[in-house]
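Colleague: Here is the input, now give the coordinates:
(chains A and B)
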2 protein chains.
Amino acid sequence: MNINTMDAAEFRRRGREMVDYVADYLENIEQRPVYPDLEPGYLRSLIPTEAPLEPENYEDIMKDVERVIMPGVTHWHSPYFFAYFPAASSYPAMLADMLCGAIGCIGFSWAASPACTELETVMLDWLGKMLQLPESFIAGSHGHGGGVIQGTASEATLMSLLAARCKTVRQVQVSNAKISEAEIVSKLVAYTSEQAHSSVERAALIGGVMMRKVPTDKSYAVTGDMLKKMVEEDRAAGLIPFYFCATLGTTPSCAFDDIITLGPICNEENMWMHIDAAYAGSAFICPEFRPLLNGVEFADSFNFNPHKWLLVNFDCSAMWVKKRADIIGAFKMEPLYLKHENQESGLVTDYRHWQIPLGRRFRSLKLWFVFRMYGIKGLQAHIRKQVALAKEFESLVRADKRFEICAEVIMGLVCFRLKGPNELNQNLLTKITNSKQIHLVPCQLSGRFVLRFAICARTTESRHIQKAWQHITQLTFELLQELRH
Amino acid sequence: MNINTMDAAEFRRRGREMVDYVADYLENIEQRPVYPDLEPGYLRSLIPTEAPLEPENYEDIMKDVERVIMPGVTHWHSPYFFAYFPAASSYPAMLADMLCGAIGCIGFSWAASPACTELETVMLDWLGKMLQLPESFIAGSHGHGGGVIQGTASEATLMSLLAARCKTVRQVQVSNAKISEAEIVSKLVAYTSEQAHSSVERAALIGGVMMRKVPTDKSYAVTGDMLKKMVEEDRAAGLIPFYFCATLGTTPSCAFDDIITLGPICNEENMWMHIDAAYAGSAFICPEFRPLLNGVEFADSFNFNPHKWLLVNFDCSAMWVKKRADIIGAFKMEPLYLKHENQESGLVTDYRHWQIPLGRRFRSLKLWFVFRMYGIKGLQAHIRKQVALAKEFESLVRADKRFEICAEVIMGLVCFRLKGPNELNQNLLTKITNSKQIHLVPCQLSGRFVLRFAICARTTESRHIQKAWQHITQLTFELLQELRH
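Modeller: Model prediction:
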């Protein structure tokens, strides 16, 4: 039995073909319907019910990619994809991922592949400097802070909440040795905006702590006053406020919590402040957007996703902490098979203590390739171009009196709706989804059903925005016609 | 400012070069020292302190891969790498990962890319059938169970523990509505082997529940009697046993917990049984190893890592549950921006409810490519070859009276040591590590310092085993000489 089904020579050939397939796919993506036209369960009947006993031909597999897979793909990199938030994609990141796959190291400790750990620390320093993060978040050669690549913002939020929980339990036990951990945890309260991402509430569920939603102002942002009021009430009721997750760029409307007023309250109240800037964080590399990050100096941890808006393919969620000891201390485990002689030197980072999983890929290569191939200026230009496209769409909406803009357009997201009942907008979205020419998702703002139009693909241009708007107004015309009859 | 730093045409050219670089790297990997020769902090001085403002040349980046990265890589795919457990790697998996990167969808819900979700469900069915998992774990068209790809076994363990915690809390509250969640959680007890991976204990820390370590027998396995005794003691003390994590193939010595006796106890005691077979699970596709999985029918969830031993590049950890509702119910969140019209049909799987992160890549492509390019027979041949190489190494060790084998060699791991004090073995390992010709890590068994020799790389052959043993005996000779003087 020859188990070298595919050797290096065949990989050279098939790899070249795959490079061309990828380039063809991305060059011609706008000719594919952005959203698939099929029913749930479509795939099972298209392939066998069991794995083959004998090896198959590579050609047959590639034919099946077009026959089985592509009809069921929602094309996130189509210039007509305006749903959710962008998933970053660029050729340099894809090349780096090929290299990452070949090296194939599992970088859970420094010794498991020193380059994997060290490039990550330095890339997070580069990126932190691009965002002008305070010095305390930069690892440098001797810092107490530093950065790590998490898989997703959800994991960063969870890690910060768990670290805060651990820190608070220890602090309470120092002043009252008799109180049990369970009793302390039962009194802990975390806070976040009512507009925060569902993963924040989920982190509290996982961590087994109470979470209170802070109401937002008319721009859908949390301000210091609102948090302070809730914290004081809870303290008076004998609870222990310990954690606040601020959002910069909420998922529904890209609102920005007022961290300048929130930060000092968290510091005074001895609460961990985590900042989730999953989408918007990339924009802070532009000086004109950096003021939105003012107040980060009060935070204990900060996170955003280069895999959303900084041209680095998923997964790559950048997280910084002010005190590494806080996050490492929460869950350090040292079995003998993971020990190595350098770990006590203080110079060494073992990233497994910073995250939920043990294993991790060499993801910093993607950052390195993208930063160098685009340069800071190229990345800034990408952000600015997408914001300009959102402004262009906003002005199209504003020029049509049937529509209204539902939240200030600050970055690449436009929240809009037809003036009138929610049902009307639900019907419009259904028409849009069914037509499969563009793809959007809705959100809810102040009880209103709102359409979210996010600039997503790297290759989206003005002509795609114009065409999308023509399409929306055409469907609106049809909808209003139908209602009249 | 042109921000198309690299367009499709250049990607075609650079992609081909990268394919060749990857093939060259893997074809010539054994000429590189398997373990790097450098001090912590080596990398920072080799590259600038900040990201470049302007784009750089691609050639310069690739030159830096050899100058900056490669000297710091621990080469996990060198045939002289025998540390930890294998990290799987194959050319078909790498090709599938290229495709995954290009499609670049984030498959958190069915609608976000139906093919991504549906191929995963069917591939986990294929794989489940390869392992002869009970029908209850197979999703089929109407099943209550099914599979999911997690990032790592740590995440699978955590998800199962959290699902069990949630289920138990609800059950207790049904019979006693007055008891608070915090009070229930404070009484929950999870169990696992004292030989279990550190991530199991970590899952309990994250979940905020007590974890008790069950002692093992002389083969380092947990048996039913031992668990039963602890559970009875804890119930008598008013605690609530709720979860047991069995290990099939422990990290230190590849021991197998006796799930045939453990399973019925868990079922009787209303405890969730999770099986962590991270490494060994791949071997169950071979009929001769499948008996080690007997008892899986008692489990609530089962997990192993195709990214360890089934030629699928990291990350790809396969997890099955008997009742999807148990795992989904624990943390379901439904914000409007993630809703889609098909989600209530019952036919649809939204994998975000099955895992810690929200986002996820199209990882099932790797399984599909690997299953089809190797066929079940090819994958079985890979397992059998690596087990045979371990047996070959075992017989070399047994033939040398200075050494002893420390645990039965069942799969691809050999635990051995020099007869004599731990210090002697520590010194031998230090010599091995410093010589950088082969790479191993130690473990502790019954208080003894033991060397772990794991067959890792896909390309490891008999000649590498022979050369590794010659090298070990040469260093042993030198060590014993030095001790004599």
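Colleague: Skip the chain neighbours and tell me the closest residue to residue A:250.
Modeller: Distance criterion C-beta to C-beta, 6 or more residues apart in numbering or on different chains; nearest residue to residue A:250, sequence neighbours excluded, is residue A:195 at 4.3 Å. C-beta coordinates here come from the backbone N, C-alpha and C atoms, glycine included.
Colleague: so that neighbour makes contact with residue A:246?
Modeller: No - counting by C-beta atoms under 8 Å, residue A:195 stays clear of residue A:246, with 11.0 Å between them.
Colleague: and the two? which has more neighbours close in?
Modeller: residue A:246 (29 against 23; other C-beta atoms under 10 Å in any protein chain shown).
Colleague: From residue A:6, how far out is that one?
Modeller: For residue A:246, the distance to residue A:6 (C-beta to C-beta, to the nearest Å) stands at 49 Å.
Colleague: cool, residue A:356 as well?
Modeller: Distance from residue A:356 to residue A:6, by C-beta to C-beta: 33 Å.
Colleague: do the same with residue A:372
Modeller: Distance, residue A:372 to residue A:6, by C-beta to C-beta: 31 Å.
Colleague: more crowded one of those two?
Modeller: residue A:372 (24 against 21).
Colleague: Helix or strand for the more buried one, just tell me which one.
Modeller: Under the criterion of DSSP states H and E, residue A:372 resides in helix A:364-398.
Colleague: Show me the strands in chain A, by range?
Modeller: A:146-150, A:188-193, A:210-214, A:240-247, A:272-276, A:301-304, A:317-321, A:403-405, A:413-418, A:441-445, A:448-454 (DSSP state E).
Colleague: And those: which comes nearest chain B?
Modeller: strand A:441-445 (4.8 Å; C-beta to the nearest C-beta).
Colleague: Each with direction, which strands does that closest one pair with?
Modeller: Applying DSSP bridges, strand A:441-445 is found paired with strand A:448-454 (antiparallel).
Colleague: Could you chop chain A up by domain?
Modeller: A:8-80, A:105-361, A:382-483 (the TED database).
Colleague: Let me see the mean pLDDT of the shortest one.
Modeller: Right, domain A:8-80. Averaged over domain A:8-80, pLDDT sits at 97.
Colleague: how far out from the middle of the chain is the helix holding residue A:372?
Modeller: Here helix A:364-398 is found 16 Å from its chain centre; the criterion is C-alpha atoms, centre = their mean, to the nearest Å.
Colleague: Now do the buried residues in that helix.
Modeller: For helix A:364-398, a neighbour-count test (16 or more other C-beta atoms under 10 Å in any protein chain shown) marks A:364-376, A:378-387, A:389-391, A:393-394, A:396-397 as buried.
Colleague: and if you look at stretch A:278-295?
Modeller: Buried residues in stretch A:278-295, counted by 16+ other C-beta under 10 Å: A:278-286, A:289, A:292-293, A:295.
Colleague: Can you pull out the residues in contact with it?
Modeller: A:85-86, A:130-132, A:153, A:197, A:248-249, A:251, A:254, A:256, A:258-263, A:277, A:302-306, A:308-310, A:317-318, A:376, A:379-380, A:383-384, A:387, A:410-411, A:413 (C-beta atoms under 8 Å, 6 or more residues apart in numbering or on different chains).
Colleague: buried subset of those residues?
Modeller: A:85-86, A:130-131, A:153, A:197, A:248-249, A:251, A:254, A:256, A:258-263, A:277, A:302-306, A:308-310, A:317-318, A:376, A:379-380, A:383-384, A:387, A:410-411, A:413.
Colleague: near chain B, which of the contacts of stretch A:278-295 show up?
Modeller: A:130, A:153, A:197, A:251, A:376 (C-beta under 8 Å from any C-beta of the partner chain).
Colleague: how about JSON lines for the residues you listed, with pLDDT and distance to residue A:472 added?
Modeller: Below are those laid out as JSON lines (pLDDT from 0 to 100; distance: C-beta to C-beta, whole Å):
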{"residue": "A:130", "pLDDT": "98", "distance to residue A:472": "36"}
{"residue": "A:153", "pLDDT": "96", "distance to residue A:472": "30"}
{"residue": "A:197", "pLDDT": "94", "distance to residue A:472": "26"}
{"residue": "A:251", "pLDDT": "96", "distance to residue A:472": "21"}
{"residue": "A:376", "pLDDT": "98", "distance to residue A:472": "35"}
